[in-house]
Each structure stands twice: as C-alpha cells, then as structure tokens.
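Enquirer: Structure here, sequence nowhere to be found:
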C-alpha cells in the first residue's frame, strides 16, 4: 500500500481547524472511497478531482483509492479541499514528491479541465494555518494577493494542475499578482452630512453616536432624513486599525467578497431589507452556519430601516449580540462563533401610515393598529439603544434651511473624541465608550450633576441599564467638548439623548 498526505482547513465560523487529507492506494477493484464526514459538495470531489486530473493529462490511480479526511469526527463542507485531495493522490501515486505536499496547506476548487478556481474563506483559512505552524500555502492564482495579507506564511498561486505539479516538485512558479492600491473614494461621492438640512439636532445625535460607538434610534415622519443620516454615519467613523481590518476582511472573505489584495479599512455598512429572515440577519445555514448581516456589519454600522416591519423574532435575536458583541449559532454537530460588534441604527415612523403627529397630516390608522405597530419593537430592544431621537419635519423652506457641518469636519471631531477614548482605555480590549461594561464606567470619576440621573431613576424614567448608558453618553459628550470629566451639562445632554421616547411621542 502506498500512502501520502496533504493539508487543508475546515472553517467553523471564524475558527479554522487543520484537516489532514490522506490518500492510500491499495489492491482491490478500481474505485475511489472518500471518508471523513464530507457534505454533498465535498463528496462529489472524488468525481470532480478524477475528471480534473484526466483533463490535465495525468493518470488517476487504477486501483482501490481511499481518501480520508482527519479528524474524521469533524463535519467538513465545501469544495476547497480539491487541491489537497489531488496533491495527496498524486503523491501517493509517486507522480510528485511527498515532502512539499505533506507540509503545505492547499485551498482551491478544481474545474473538470484542471483549472483552479477561487473559493471563499482563503484569508481566515490561512490565518488558521499560520497559527497552527504551517509556513507554506498553495491557493488559486486569482487569490494570491488576498492570501498575501497573512504575514508569516509563503504563498504560491496555481492556475491549473500543471502549476500544482510544478510547485509540488519545488520548482519556481509563474509571477504572482501584485497587490493593487484601490482608488481613493471620490470626495464628491462621499455622502455629505451638510446635505441634511433642517435637522441640526439629529445631525448632532449622529455625531455623538459616531464619537462613542453608541446605538441610535431615529423616529419621525417619512421624508425627514432618517435614511440619509444613517447612510452618512459610516463616513464619520475613523478607519479601522490593522487588527480590526484583518478581522473584518476575514469575515467578508467567508462570504466571497473580493479583497483585491487590500484589507477593508472603511467601517462596513449593512442595511438588510425588512423581509430578512432570522438566519439572514443573525446567520445560519443547513450544516455550516454562514455569517449574517450583523456580522457583516462588524466594526461598522447595521441600519434597519422601517424597523417595526422586521420579523419580531429577528429583532429579538439581536438582544445578545448587542450586549456581547458576538453571536454563537448552535447546530447538532457544531457551534460556530462570529464577531458582531456593530453600531445599530433603527429608523421608524410614528405609525403605519407615517402621518401621526405631523402638522397637516391625516392619519388613517386605528388606535389598535398604532399600538400593534409600536409593540413590534419590544421594551428590551429599545432599552439597549443608547440614543433615541425624534425627528420633526422642517418648518422652513429647503433653500432657507441651515446646512450642517460637512462630513469631513465632523469626522475630525469624531476622530479626536475617539483618540481621547483610546487613551482612557489603553491596555484594555475596549476602544469606545459604548463597549465598556457598566461596572467599569462607574469606576471613573463621578460626573457632575448625578442628581439628575437619580431623579430619573426614582421617577421610573430610567432603568439600571439606562443609567450605564447615560454615563457612557455623558463621557462621549465630554470627549467631544474636550472635558476631562463630564459636566452637569454633559449629564443633562446625555439624559436628553436617552429619554426621547418613541412611544411617548407616538
């Protein structure tokens, strides 16, 4: 019996597990057996790889061939094991040396003519391979630049099986793709906060949310600018740090986003439609759970327009991620974890028709319809939102409305406030005030004007969680003003941003 092995990676959420692909050629009737809990796409690899090898002019073993994926108890899914399977089979058949195949991590899908096609998840797969001690990786040529984002590992790109044979022989391969610098965004194409007219208070609320990483709830009549403000929020946020950019890029690699050799530096913006299912919003899948919209908004903004129209079960599923910054999806055979530390922006109308409380409006909704509409956003969800702001229609002509500060100017103030927070929380895992646990916020010097908070608690207008959120907002207001300690005005402003109740307004 002749045996050989190669390596690939099984992705369980953001975590990668190294999989040893073993090939054994023995006596018996000519057939190929694939074992190791493969899914349907992986089980078909035996036929796909045999046709690809024949299409490249190579010989597939004409004896009993057994391919084992170790650990055998781990469910495996996807077509990215094709390269590792072929490398192990060719090494077992003495077509290529065993040394490079047995020490390299291979990721890629094969076409029937021997071409190597790109796959999802190259970046997190190579991160797991590097952490496991592997120094060499073989990936599709189209994804070399993405793979080279992982430092400390040598990457070889192959466009077909002939290239793979050359690499496994240790011979030089064709030139790699060089990382290309993405074009800088056109300043005129960046949504400008100055275009939102007649909503100075709302623009200020968005600036505070951006400065401290706070969740935001905008409610008001249709057409007052809720969506415009949400679209401009990501452009107020600073670019991602190296560690955060690598994490975000790995997440987007899992869903097949083309990285073009550059880490994602801009905070992502996710805005699912209100008919999104729980799985689409939180993540899910039949065997291996895929990241949902909340994970694709990690370190960025998740905007839920017409929030009361979302499935209540989907909204309630946001409770834990809003507090912990991650989501864990359980399956019968595995548990996967995805990071989900995002800024949530909700937008809602005062009633189903949107005319309630609007001057000159003619609301046609019944009291029961309004009540049902309001109850679609539960109290626990609203209590987790830091800033509540009611947007009123502008009473001035558009041309006479005062324009707000441009996005570039507000972004500078936000960055300065974030710098103060990073210095305050240096040495911890927190970078913004919104991330800091309540008990840690209470260890800071007490803000002035805490009697205002006590009065709100005693009157029932503020919960225990709300106290922590008011303190966080007060510190953010102090950071924007350059104060070393929140003043009474900062505390009053934080209470005002927190207690603008949607249901009271409706």
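Expert: Received, thanks. A quick note: this is a predicted structure, and the numbers were derived from the prediction, not measured. Residues are numbered from 1 along each chain as shown.

Enquirer: Nearest residue to the middle of this structure?
Expert: The residue lying closest to the centre of the chain (Cα atoms, centre = their mean) is residue 296, at 2.7 Å.

Enquirer: Touching, that residue and residue 268? I think so.
Expert: Yes: with contact defined as Cβ atoms under 8 Å, residue 296 counts as touching residue 268 (6.2 Å). (C-beta placed from N, C-alpha, C; glycine too.)

Enquirer: who touches both of those two?
Expert: Common contacts of residue 296 and residue 268 (Cβ atoms under 8 Å, 6 or more residues apart in numbering): residue 252.

Enquirer: isn't residue 432 right up against residue 209?
Expert: No: at 10.4 Å, residue 432 does not count as touching residue 209 under the criterion of Cβ under 8 Å.

Enquirer: who's more crowded, those two?
Expert: The neighbour comparison of residue 432 against residue 209 (other Cβ atoms under 10 Å) goes to residue 209, with 30 against 22.

Enquirer: Could you pull up the residues touching the more buried one?
Expert: 215-216, 233, 343, 345, 386-387.

Enquirer: 6 Å - rerun?
Expert: Remark: with contacts taken as Cβ atoms under 6 Å, 6 or more residues apart in numbering, residue 209 is in contact with 216, 387.

Enquirer: Ramachandran angles for it?
Expert: Here is the backbone geometry of residue 209 (degrees, to the nearest 10): phi -60, psi -40.

Enquirer: next one: residue 2
Expert: phi -110, psi 130.

Enquirer: State the number of residues packed around it.
Expert: 14.

Enquirer: isn't it right next to residue 91, touching?
Expert: No: taking contacts as Cβ atoms under 6 Å, residue 2 lies outside contact range of residue 91: 9.0 Å.

Enquirer: burial of the residue nearest to residue 18 when sequence neighbours are not counted, as a residue count?
Expert: Distances taken as Cβ to Cβ, 6 or more residues apart in numbering place residue 132 nearest to residue 18, at 5.0 Å, with adjacent residues excluded. By the criterion of other Cβ under 10 Å, residue 132 has 13 neighbours.

Enquirer: And the strands in the stretch 301-450 of the chain, which stretches?
Expert: For the stretch 301-450 of the chain, applying DSSP state E, counting those that start in this stretch gives strands covering 301-304, 326-330, 335-339, 343-348, 387-391.

Enquirer: Helix, strand, or coil at residue 8?
Expert: At residue 8 the chain is in strand, as set by DSSP: H, G, I helix; E, B strand; the rest coil.

Enquirer: residue contacts, the residue nearest to it when sequence neighbours are not counted?
Expert: Closest residue in space to residue 8, ignoring its immediate chain neighbours: residue 84 at 3.9 Å, by Cβ to Cβ, 6+ apart. Contact partners of residue 84, counting by Cβ under 6 Å, 6+ apart, are 6, 8, 21, 106.

Enquirer: Look up phi and psi at residue 156.
Expert: Dihedral pair for residue 156: phi -120, psi 130, per degrees, to the nearest 10.

Enquirer: That one: neighbour count?
Expert: 23.

Enquirer: Report the beta-bridge partner residues of it.
Expert: residue 138 (DSSP bridges).

Enquirer: wait, it sits on residue 136?
Expert: No: in this structure residue 156 lies outside contact range of residue 136 using Cβ under 6 Å: 7.1 Å.

Enquirer: Now for the protein, the helix or strand with the poorest mean pLDDT.
Expert: For the chain, scoring each helix and strand by mean pLDDT, DSSP states H and E identifies helix 502-505 as the least confident one, at a mean of 46.

Enquirer: follow-up on the earlier one: name the SS class of the residue nearest to residue 8, please.
Expert: Under three-state DSSP, residue 84 falls in the helix class.

Enquirer: State the distance from it to residue 262.
Expert: 27 Å (Cβ to Cβ, to the nearest Å).

Enquirer: re earlier: how about CSV for the contacts of residue 84, with pLDDT, distance to residue 489 and neighbour count added?
Expert: Listed next are the contacts of residue 84 as CSV, based on pLDDT from 0 to 100; distance: Cβ to Cβ, whole Å; neighbours: other Cβ atoms under 10 Å:
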residue, pLDDT, distance to residue 489, neighbour count
6, 97, 65, 30
8, 97, 59, 28
21, 97, 65, 26
106, 97, 61, 30
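
Enquirer: how much space between the residue nearest to the centre of the chain and residue 290?
Expert: 10 Å.

Enquirer: One more: residue 228?
Expert: Applying Cβ to Cβ to residue 228 and residue 290 gives a distance of 31 Å.

Enquirer: Please apply the same query to residue 168.
Expert: According to Cβ to Cβ, residue 168 stands 32 Å off from residue 290.

Enquirer: do the same with residue 75
Expert: Taking Cβ to Cβ, one finds residue 75 at 15 Å from residue 290.

Enquirer: and what of residue 263?
Expert: 21 Å.

Enquirer: Could you say which of the strands of the stretch 301-450 of the chain is packed most deeply?
Expert: Greatest average neighbour count among the strands of the stretch 301-450 of the chain goes to strand 301-304 (a mean of 27), per mean count of other Cβ atoms under 10 Å.

Enquirer: Tell me the strands beside that strand, with direction?
Expert: Counting by DSSP bridges, strand 301-304 is paired with strand 269-270 (parallel), strand 343-348 (parallel).

Enquirer: Now tabulate these in a markdown table and tack on distance to residue 239.
Expert: Shown next, in a markdown table, are the strands paired with strand 301-304 (distance: least, Cβ to Cβ, whole Å):
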| stretch | distance to residue 239 |
| --- | --- |
| strand 269-270 | 14 |
| strand 343-348 | 15 |
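
Enquirer: Dump these into TSV; add mean pLDDT as well.
Expert: Putting the strands paired with strand 301-304 into TSV (pLDDT from 0 to 100) gives the following:
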stretch	mean pLDDT
strand 269-270	96
strand 343-348	96
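
Enquirer: which residues in the stretch 1-150 of the chain form strands?
Expert: Along the stretch 1-150 of the chain, the stretches classed as strands by DSSP E, counting those that start in this stretch are 2-12, 15-26, 31-35, 64-70, 105-106, 109-110, 116-117, 136-140.

Enquirer: show me where pLDDT drops low in the chain?
Expert: 172, 174-188, 286-287, 333, 359-360, 395-403, 500-506 (pLDDT under 70).

Enquirer: mind listing the helices in the stretch 401-506 of the chain by residue range?
Expert: Taking DSSP state H, counting those that start in this stretch as the criterion, the stretch 401-506 of the chain contains helices spanning 407-424, 438-441, 450-458, 464-481, 488-498, 502-505.

Enquirer: Select, out of those, the one closest to residue 308.
Expert: Of all the helices of the stretch 401-506 of the chain, helix 502-505 sits nearest to residue 308, with 9.7 Å by Cβ to Cβ.

Enquirer: Let's have the helices of the stretch 401-506 of the chain in TSV, adding mean neighbour count.
Expert: Below are the helices of the stretch 401-506 of the chain laid out as TSV (neighbours: other Cβ atoms under 10 Å):
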stretch	mean neighbour count
helix 407-424	17
helix 438-441	13
helix 450-458	14
helix 464-481	22
helix 488-498	21
helix 502-505	15
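
Enquirer: Make JSON lines from those helices and add distance to residue 111 to it.
Expert: Shown next, in JSON lines, are these (distance: least, Cβ to Cβ, whole Å):
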{"stretch": "helix 407-424", "distance to residue 111": "45"}
{"stretch": "helix 438-441", "distance to residue 111": "54"}
{"stretch": "helix 450-458", "distance to residue 111": "64"}
{"stretch": "helix 464-481", "distance to residue 111": "53"}
{"stretch": "helix 488-498", "distance to residue 111": "56"}
{"stretch": "helix 502-505", "distance to residue 111": "54"}
